[in-house]
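>>> any chance you can model this:
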Amino acid sequence: MAAYKRLRYDVEKIPLAELVREVMAVDDLAGLAPSDRVATRETDQSTPYHRRFYDNIDVIAPLYRKLAQELLGRAAERHYIQRVPTFRVHLRNSLAVGEWHRDSDFGHDPAEVNYWVPLTRAYGNNTLWIDREPVHAEYGDVIVFDGAGSWHGNVVNDTEISRVSMDFRTIPRDHYRPNDKTSVSFGMPFLLGDYWDIL
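Numbers count the residues shown, from 1 in each chain. Sure, this is the predicted structure:
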């Protein structure tokens with residue numbers, strides 16, 4: 001069985017990279033400057049780019065929700081989605097996520113499904129690795145995988161570009177169980193209205 005499934009969406013109809021570029025006030029997401037230190041689990045969500053993304057989530061949310069609706073289709077009414085997508089910046093000379101993991105190590109439910117959405121080209125050592133294999137993807141691809149059960153992470157980016165992406169999770173409504181553990185990135189309890197939302 002493949003470690004992941006690849007979906008595609010129309011970047012003309014859902015221009016996420018363009019919107020994020022505007023929010024970041026940069027000409028080219030792939031051209032973000034290299035880092036002077038390797039990110040850790042404690043610092044991988046604390047760049048100025050992350051701050052701009054989350055400070056502007058009200059601007060980004062409508063397009064994010066449009067993408068989620070497009071990907072889930074009719075199944076959307078049977079799932080909850082992550083309310084705020086997780087933003088990742090894999091700067092040259094650094095990491096996007098500070099340690100290899102399975103999401104279940106951090107309190108995520110095994111019924112969750114991960115959707116990884118690259119906003120730049122993702123290849124070589126700037127990409128997501130699932131079960132120790134690099135996932136090559138382009139803007140417009142969405143990689144769907146079992147993040148709770150699959151070993152995933154990344155390696156130090158020695159490519160010519162920075163990689164920018166976002167990811168989110170879904171859970172079937174009939175598998176949802178209130179969980180007062182909190183997410184690593186946001187410190188939000190895994191509850192409807194906090195971490196989870198209705199699409």
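>>> please identify the helix or strand for residue 49.
Element membership for residue 49 (DSSP states H and E) is helix 48-55.
>>> please enumerate residues in contact with that helix?
For helix 48-55, contacts defined as CB atoms under 8 Å, 6 or more residues apart in numbering pick out 20, 23, 24, 25, 32, 60, 84, 87, 89, 164, 166. (C-beta placed from N, C-alpha, C; glycine too.)
>>> in helices, which of those appear?
Among the contacts of helix 48-55, the members falling in helices (DSSP state H) are 20, 23, 24, 60.
>>> which one of these has the most neighbours?
When neighbours are counted by other CB atoms under 10 Å, residue 20 leads the ones in helices among the contacts of helix 48-55 with 24 neighbours.
>>> measure that residue to residue 189 for me?
The spacing between residue 20 and residue 189, counted by CB to CB, to the nearest Å, is 27 Å.
>>> now residue 5: closest residue in space, sequence neighbours ignored.
Distances taken as CB to CB, 6 or more residues apart in numbering place residue 144 nearest to residue 5, at 4.5 Å, with adjacent residues excluded.
>>> helix, strand, or coil at the one you found?
Under DSSP: H, G, I helix; E, B strand; the rest coil, the three-state class of residue 144 is strand.
>>> what's the burial count for it?
The number of residues packed around residue 144, counting by other CB under 10 Å, is 15.
>>> and what of residue 141?
For residue 141, the neighbour count with other CB under 10 Å is 18.
>>> ok, it to residue 7 distance?
Distance, residue 141 to residue 7, by CB to CB: 7 Å.
>>> residue 44 touches residue 97, doesn't it?
Yes. Taking contact to mean CB atoms under 8 Å, the distance of 5.5 Å between residue 44 and residue 97 places them in contact.
>>> joint contacts of those two?
Common neighbours of residue 44 and residue 97, counting by CB under 8 Å, 6+ apart, are residue 88.
>>> next structured bit after the helix or strand harbouring residue 58?
According to DSSP H and E, residue 58 maps onto helix 57-72. If you walk from helix 57-72 toward the C-terminus, the next helix or strand you reach (DSSP H and E) is strand 79-82.
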